[in-house]
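Visitor: Everything below, folded, please.
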Amino acid sequence: MAVRYIDGFDDYAVADLTAGNWTYLGFTAHTIIAGRNGSCLNMTSVRFAGKTIDSQASWVVGCAFKIVASPTSSGAIVGFLDGGIYQAMLSLFPDGTLQIMRSTTGTSAGTAVTGGASVLALSVGIWYYIEVKITIADSIGAGTCVVKVNGVTWITVTTGQDLKYTANATANTIELICPPVGTVNFDDVYILDGTAGAVAGDNDFLGDVRVESLFPTGTGTTDDWTTDDASADNWEHVNEAAPNATDYVTSVTPNQIDTYAMGNLASNASKVWAVQTGLVIRKMDAGARTVAPVLRGADGDKVGTTVAVLDSYYSLQQVYEQNPLTSPADWTQATVEGIEFGIKLIA
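Guide: Okay, the predicted model is just below:
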């Protein structure tokens, strides 16, 4: 299964949640606070954050999850939607148990399915790593809807159960949700789709993972763009954990490239499932502009997919399941820490 999105909530402020990171929010009172690793997303009573990707029959979602205050009634914590309509969801009950539900009205309210309830329960104030594998279908196959907590299987929905509400056997949006009158935290999120992934072993649960954000720490090989204050140190204008509009680099010349030396991982990574690049960028005048991310290693620049630049600051992200600099190969800690990252103005 291919990695489609990762988020550790460490490289943007709460105001930037929908600036290219999550597609939409439900209600207000979302905050980014100290989390399991770095920062985390904190939500209270029926708030939610949705990520729309594309339509797939199968998804795997992993996230670190903590109940800060128990909900007063059951409610979804991870939802799978088709065009804004709920197909199915993983729900949390006030006693801490989990249950896979099928939507009965197109909302996050649902009905239980056979084999969908856990016996074990989550406790308040403890971080758990929850993973949900689901297939949207009128009659699911064996082992296609499973929930794991800290690597242990808590739920295996019975073969033949109905996990589809709309006419489509797909979901295109993943939601992280806080149940009614409760408070929860999310951290270290990954989303996989049902297509073949590039990394051996990523066709199922990835296990308890950590999402780390690396920032520029020095000048890279190519230093073409211009800083807002004519400073020669371009990297110092793009190294903030929470992006700002007060210092930046600019270019009006197609094919100019800026690359930066990047920081190292805080942890010793035995496995790197994917690298996700992020460019926070806007255009400053009329007309169309396009850019692409650049990864640079020993064999030169590898330019990513070209994307259009918007009028307002927006995070443009691309996922690399493998290191494109070595024809390609799975990432290692050494190759992650050895690359430069930057931007190319295409047009």
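
Visitor: per-residue pLDDT, the residue of the chain most remote from its centre?
Guide: Here the chain reaches farthest from its C-alpha mean at residue 230, the gap being 35.0 Å by CA atoms, centre = their mean. On pLDDT, residue 230 comes in at 80.

Visitor: What of residue 325?
Guide: Looking at residue 325, its pLDDT reads 85.

Visitor: Tell me where the model's unsure across this structure.
Guide: Along the chain, the model assigns pLDDT under 70 to residues 202.

Visitor: at 90 instead, please
Guide: The chain contains residues with pLDDT under 90 at 1, 27-29, 196-204, 228-232, 244-245, 267, 297-299, 325-327.

Visitor: Surely the residue farthest from the centre of the chain forms part of a strand?
Guide: No - judged by DSSP: H, G, I helix; E, B strand; the rest coil, residue 230 forms no part of a strand; its state is coil.

Visitor: what sits against residue 291?
Guide: Taking CB atoms under 8 Å, 6 or more residues apart in numbering as the contact definition, residue 291 lies against 279, 281, 306, 307, 309, 316, 343, 344, 345, 346. (Each C-beta comes from the backbone N, C-alpha and C, glycine too.)

Visitor: shouldn't the first one be in contact with residue 294?
Guide: It refers to residue 279. No - counting by CB atoms under 8 Å, residue 294 is not a contact partner of residue 279; they are 9.7 Å apart.

Visitor: excluding its backbone neighbours, what's nearest residue 31?
Guide: residue 42 (4.6 Å; CB to CB, 6 or more residues apart in numbering).

Visitor: ok but that neighbour is inside a helix, no?
Guide: No - counting by three-state DSSP, residue 42 falls outside a helix, being strand.

Visitor: Distance of it relative to residue 92?
Guide: Residue 42 sits 16 Å away from residue 92, going by CB to CB, to the nearest Å.

Visitor: Could you do residue 284 as well?
Guide: Using CB to CB, residue 284 is found at 45 Å from residue 92.

Visitor: what about the two, which has more around it?
Guide: Taking neighbours as other CB atoms under 10 Å, residue 284 and residue 92 compare with residue 92 leading, 27 against 10.

Visitor: would you list every one of the strands in the stretch 1-150 of the chain?
Guide: Counting by DSSP state E, counting those that start in this stretch, the segments of the stretch 1-150 of the chain that form strands are 3-7, 24-26, 31-34, 39-44, 48-56, 58-69, 75-82, 85-92, 97-103, 110-121, 127-135, 146-149.

Visitor: quick one on the thing from earlier: quick one: contacts for the residue nearest to residue 31?
Guide: Counting by CB under 8 Å, 6+ apart, residue 42 touches 30, 31, 32, 33, 68, 183, 184, 185.

Visitor: Repeat the analysis, applying 10 Å as the threshold.
Guide: By CB atoms under 10 Å, 6 or more residues apart in numbering, the contact set of residue 42 is 9, 14, 29-35, 66, 68, 178, 183-187.

Visitor: try residue 36
Guide: Contacts of residue 36 (CB under 10 Å, 6+ apart): 8, 64-66, 127-129, 185-188, 208, 210.

Visitor: 6 Å instead?
Guide: Residues in contact with residue 36, defined by CB atoms under 6 Å, 6 or more residues apart in numbering, are 64, 127, 187.

Visitor: would TSV of those with neighbour count be doable?
Guide: Shown next, in TSV, are the contacts of residue 36 (neighbours: other CB atoms under 10 Å):
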residue	neighbour count
64	22
127	18
187	25
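
Visitor: what's the closest of these to residue 203?
Guide: Using CB to CB, residue 64 comes nearest to residue 203 of the contacts of residue 36, at 22.0 Å.

Visitor: hang on, that closest one packs against residue 128?
Guide: No - Residue 64 lies out of contact with residue 128 (CB atoms under 6 Å); the separation is 7.3 Å.

Visitor: Highest neighbour count among the contacts of residue 291?
Guide: Counting by other CB under 10 Å, top hit in these: residue 343 with 25 neighbours.

Visitor: Look up phi and psi at it.
Guide: Main-chain dihedrals, residue 343, degrees, to the nearest 10: phi -140, psi 150.

Visitor: quick one: the helices in the chain?
Guide: Applying DSSP state H to the chain gives helices spanning 333-338.

Visitor: give the contact list for the residue positioned nearest the centre of it.
Guide: Geometric centre of the chain, nearest residue: residue 6, 2.8 Å, by CA atoms, centre = their mean. With contact set as CB under 6 Å, 6+ apart, residue 6 has these partners: 190, 211, 276.

Visitor: now residue 113
Guide: Contacts of residue 113 (CB under 6 Å, 6+ apart): 100, 102, 157, 161.
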